[in-house]
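>>> I would like the atomic coordinates for the input below:
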Amino acid sequence: MGANDDDDRAIELPTTNLDVPVAATPRSKIPSAVYVIVWISLSSAVILFNKWILDPKTTNFRFPIFLTTWHLLFSSIATQILARTSTLLDGRKTVKMTGKVYLRAIVPIGLFFSLSLICSNKAYLYLSVSFIQMLKATTPVAVLLTSWSLAVERPNLKTLRNVSFIVIGVMIASYGEILFVPTGVVYQVFGIAFEAVRLVMVERLLSSAEYKMDPLVSLYYFAPVCAFMNFLMFLIFESSTLAMSDLARVGLIMFFFNALVAFCLNVSVVFLIGKTSSLVLTLCGVLKDILLVCASVLIWGTPVTAIQLVGYSIALSGLVYFKLGGEKIREQFAQLRGMSSRSSTSRKILAGVGIAFVLLMVGRLYSGASGSTSEVDMIGDKTVHGSMPAYTDNKGSSTAPTPKNKLDIVISMYKEDQTKMAEQLRELKGLTSLKGLDPKVIIYVKDQEADVESIKKTVGADVVKIIPNRGREGGTYLHHIVNEWDNFAAHTMFLQGDMHKFQKFKDRISDYFVPKTGVLSLGFGQSTCECNNCKDSWGGEDTWFRVPEVWSAIHGELCPNSGILISYGGQMIVSASRMRSSRKQVYEHIKGILESDEDHWIHADSKADSFVDKPDNPFFGHTLERSWMTLFHCSDPKLAVTCPSLDTRRGENDSDGTCQCLD
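The predicted model follows:
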């Protein structure tokens, strides 16, 4: 196609007709490599900058439509200034732009470009940079299919066969994605689809010589209409919830530099094309995508599986073949074999692509993404039922921190009876199976007006902390896991302030708790559900459609046909190694969703008419209650048969592993 399909449309601004000579580009003695480095740096910087602004772990600015509106407004003003103060936009003088052409062509194209920007930026609220870059490899395929649909090009089975490798590669990469969020994928797919329609419309408009534009001139015409359309969507979808505190959290200076970097990227495209060629730009795009995946791994610790690396390699190979063609690739490799001292820019970039693949592998290993047993996938998160991945920290070390305590009792409290809680804790500490462990009691209180010292004294707790009233008891447990990651006790007992079936779970502890305990449920029951239709065993109306999503996110594969284990009650004993068997980033990701504001998509999940979803009691919190065994890699369905409820007592011939997963 005539457009730069490798650009990141989610946050970069438009470029069109890269094959058009850029007359305004000044001649200089600056080496081509400098233009390449500047473009890759700016292109990557824009993506990472926007991800940083939108990411809930940093500024948590949840307004992607506002951000794209600001980019486009800045570009509209900047192109007007450049048109009056420089020669960079002199190409617009050869464009026969009339009011009729503007309304018939520019406005519809601007609409699709606006939708593409919004959807693609929305995806950054849910997906990692690395996974988004993998999905974007399918853009040329979408453009090809759209051009056939709109009769811009005639269908060609040979071409379809060539691009099928891209689709296969991305499908494999998606299958291996650990943090797969369907909503984010849908946004990204729509973003790619809208972008494909826009590119085909641009090619059809600019197919004649009188309308040919360089990227900066196209931005001059498209930015104002896109800014206006984005502003209308901002008024509809985001204006009512955007507060000054949200803007202040990012800062005006950051907003300015964010838009400035995005605009400079479009200027750099003009110079890069004028100095090199569209071949170089294509190779630069592939190199940039690989480097972005590496950056996502190194900066955010994003897990990248071996399956994803294989799939992405296939997709990128198909992308290069589709863009360049077999003849051009053979020509480049022939030049590589006879490389002289005066190597061309394209040969250097080909070498850079190979080096980047090595960096991607090193970055993945650096992030601790490898397992050590035959039952574990290379990511270290995929297991078979009750087996447990080997521990690796974010720097690849396989040595877990030494536990400081033998047992921590973590309680999620609101306004429960303190005297009753104190009595129950005394009984627990007196159990024979807990003697000598000297349990440390940690209470997280969600009553913002609670008297911490009074609770500590009355209950006999070692630590009492007030935390936000978000996410039910699941939010409390995740708060402890994330914040005490390097300080876990050998075992942690998670309990609710109003302890469910106290006498029953005391018996469970007495019967089964041993030093090798990995996960021991203290909840009132366990059962299985069909992966694609997960409902409670007692036949309720609610379908827990995110339970299998959690299972797939943790194990890195689709749910098994045999069904999956779900637990009830939200109380359990877990070893430090079991908690660390899932990545810290996974817990952080789920915690961010669980504790989100009311306008977050997760609060629209409720399927029960009588259920009122609120941040302090989200429907997703009940999903998490059923998913703890999955998170701790104790998902063998046989536990639902041999140990369905707290009424199950240990038999004379039962082994230690009858009702639990052992380390």
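>>> any idea how far residue 294 lies from residue 288?
Residue 294 is 11 Å from residue 288, where distance means CB to CB, to the nearest Å. The way it works is simple: take the backbone N, C-alpha and C, and place the C-beta from them, glycine included.
>>> strands of the chain, residue ranges please.
For the chain, the strands defined by DSSP state E cover 407-413, 440-445, 463-466, 491-496, 517-521, 525-529, 564-568, 572-575, 661-662.
>>> tell me which of these approaches residue 144 most closely.
Residue 144 sits nearest to strand 564-568 of all the strands of the chain, at 38.7 Å, using CB to CB.
>>> find the nearest non-adjacent residue to residue 146, please.
Distances taken as CB to CB, 6 or more residues apart in numbering place residue 196 nearest to residue 146, at 4.3 Å, with adjacent residues excluded.
>>> for residue 70, same thing?
That would be residue 259: by CB to CB, 6+ apart, it lies 5.8 Å from residue 70.
>>> kindly report the same for residue 233.
Leaving aside its chain neighbours, residue 233 sits nearest to residue 65 (5.3 Å; criterion: CB to CB, 6+ apart).
>>> please determine how far the one you found is located from residue 242.
10 Å.
>>> which of those two has more neighbours?
Neighbour totals were compared for residue 65 and residue 242, and residue 65 leads with 23 against 15 (other CB atoms under 10 Å).
>>> hmm, residue 140 is touching residue 166, no?
Yes: using CB atoms under 8 Å, residue 140 is in contact with residue 166, at 6.7 Å.
>>> what's the weakest-modelled helix or strand in the protein?
helix 345-366 (a mean of 53; mean pLDDT, DSSP states H and E).
>>> my guess is residue 405 meets residue 438, correct?
Yes: the pair residue 405 and residue 438 passes the contact test of CB under 8 Å, sitting 7.5 Å apart.
>>> more crowded one of those two?
residue 405 (18 against 10).
>>> got a list of what the closest residue to that one other than its chain neighbours touches?
The shortest distance from residue 405 to any non-neighbouring residue, by CB to CB, 6+ apart, is to residue 489 (3.8 Å). The contact partners of residue 489, taken as CB atoms under 8 Å, 6 or more residues apart in numbering, are 403, 404, 405, 406, 407, 408, 440, 576.
>>> of the residues you listed, closest to residue 117?
residue 576 (44.5 Å).
>>> what's the burial count for the residue nearest to the closest one when sequence neighbours are not counted?
Nearest in space to residue 576, with sequence neighbours left out and distances taken as CB to CB, 6+ apart, is residue 488 at 3.8 Å. When counting by other CB under 10 Å, one arrives at 23 neighbours for residue 488.
>>> residue 488 and residue 584 touch, don't they?
No: checked against CB under 8 Å, the pair residue 488 and residue 584 is beyond contact range at 11.4 Å.
>>> show me where the stretch 151-300 of the chain dips below the pLDDT cut-off.
Applying pLDDT under 70 to the stretch 151-300 of the chain flags residues 174-180, 204-215, 270, 273-286, 296-300.
>>> and the helices in it?
157-175, 182-205, 215-237, 244-250, 252-275, 278-300 (DSSP state H, counting those that start in this stretch).
>>> same list (those helices) but as JSON lines, adding distance to residue 415.
Shown next, in JSON lines, are those (distance: least, CB to CB, whole Å):
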{"stretch": "helix 157-175", "distance to residue 415": "45"}
{"stretch": "helix 182-205", "distance to residue 415": "35"}
{"stretch": "helix 215-237", "distance to residue 415": "37"}
{"stretch": "helix 244-250", "distance to residue 415": "29"}
{"stretch": "helix 252-275", "distance to residue 415": "41"}
{"stretch": "helix 278-300", "distance to residue 415": "38"}
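>>> dump those to a markdown table, plus distance to residue 464 and mean neighbour count.
Output for these, formatted as a markdown table (distance: least, CB to CB, whole Å; neighbours: other CB atoms under 10 Å):
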| stretch | distance to residue 464 | mean neighbour count |
| --- | --- | --- |
| helix 157-175 | 44 | 17 |
| helix 182-205 | 37 | 21 |
| helix 215-237 | 41 | 22 |
| helix 244-250 | 29 | 12 |
| helix 252-275 | 37 | 20 |
| helix 278-300 | 33 | 22 |
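>>> tell me which of these lies nearest to residue 123.
Across the helices of the stretch 151-300 of the chain, residue 123 has its closest neighbour in helix 182-205 (4.0 Å, CB to CB).
>>> what's the closest one packed up against?
When contacts are defined as 3 or more CB pairs under 8 Å, 6 or more residues apart in numbering; DSSP states H and E, helix 182-205 packs onto helix 107-123, helix 129-135, helix 139-149.
>>> tell me how far residue 129 lies from residue 185.
The value you get for residue 129 to residue 185, if CB to CB is used, is 14 Å.
>>> with adjacent residues omitted, what lies nearest to residue 433?
Distances taken as CB to CB, 6+ apart place residue 513 nearest to residue 433, at 4.7 Å, with adjacent residues excluded.
>>> just list the residues touching residue 63, thanks.
Residues near residue 63 by CB under 8 Å, 6+ apart: 234, 238, 241, 242, 246.
>>> what is the burial count for the second one?
When neighbours are defined as other CB under 10 Å, residue 238 has 18 of them.
>>> surely it is in contact with residue 67?
No: the criterion here is CB under 8 Å, and residue 238 misses it with residue 67 at 9.8 Å.
>>> spit out the contact partners of residue 511.
Counting by CB under 8 Å, 6+ apart, residue 511 has contacts 649, 650, 659.
>>> so which of those residues is the most crowded?
residue 659 (21 neighbours).
>>> list the contacts of it.
Contact partners of residue 659, counting by CB under 8 Å, 6+ apart, are 508, 511, 512, 520, 521, 639, 642, 643, 648, 650.
>>> if we use 7 Å, what do you get?
512, 639, 642, 643, 648 (CB atoms under 7 Å, 6 or more residues apart in numbering).
>>> and what of residue 598?
Residues near residue 598 by CB under 7 Å, 6+ apart: 614, 615.
>>> let's number from 49 now, not from 1
Got it, the first residue is 49 from now on, which makes the last one we talked about residue 646.
>>> rewinding a little: and the contacts of residue 559 as CSV, adding distance to residue 156 and pLDDT?
CSV is the format used below for the contacts of residue 559 (distance: CB to CB, whole Å; pLDDT from 0 to 100):
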residue, distance to residue 156, pLDDT
697, 71, 87
698, 71, 85
707, 63, 88
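>>> out of those residues, which is nearest to residue 165?
Nearest to residue 165 among these: residue 707, at 53.0 Å, using CB to CB.
>>> start to end distance for stretch 696-711?
End-to-end span of stretch 696-711 (CA to CA, to the nearest Å): 22 Å.
>>> tell me how far residue 575 lies from residue 87.
56 Å.
>>> which one of those two has more residues nearby?
For residue 575 versus residue 87, neighbours defined as other CB under 10 Å are more numerous around residue 87 (25 against 20).
>>> give me the below-cutoff pLDDT ranges for the stretch 399-548 of the chain.
Checking the stretch 399-548 of the chain against pLDDT under 70 turns up 399-447.
>>> now the helices for the stretch 549-698 of the chain?
Taking DSSP H, counting those that start in this stretch as the test, the helices found in the stretch 549-698 of the chain are 550-560, 595-603, 624-627, 632-642, 667-673, 676-679, 686-690.
>>> so which of the ones you listed is the most surrounded?
helix 676-679 (a mean of 25; mean count of other CB atoms under 10 Å).
>>> show the average pLDDT along that helix.
Helix 676-679 carries an average pLDDT of 90.
>>> with stretch 578-595 instead?
On average, the pLDDT along stretch 578-595 is 74.
>>> now do the same contact list for residue 460.
Residues near residue 460 by CB under 7 Å, 6+ apart: 492, 521, 524, 525, 544, 545.
>>> and the furthest pair within those?
525 and 545 (12.7 Å).
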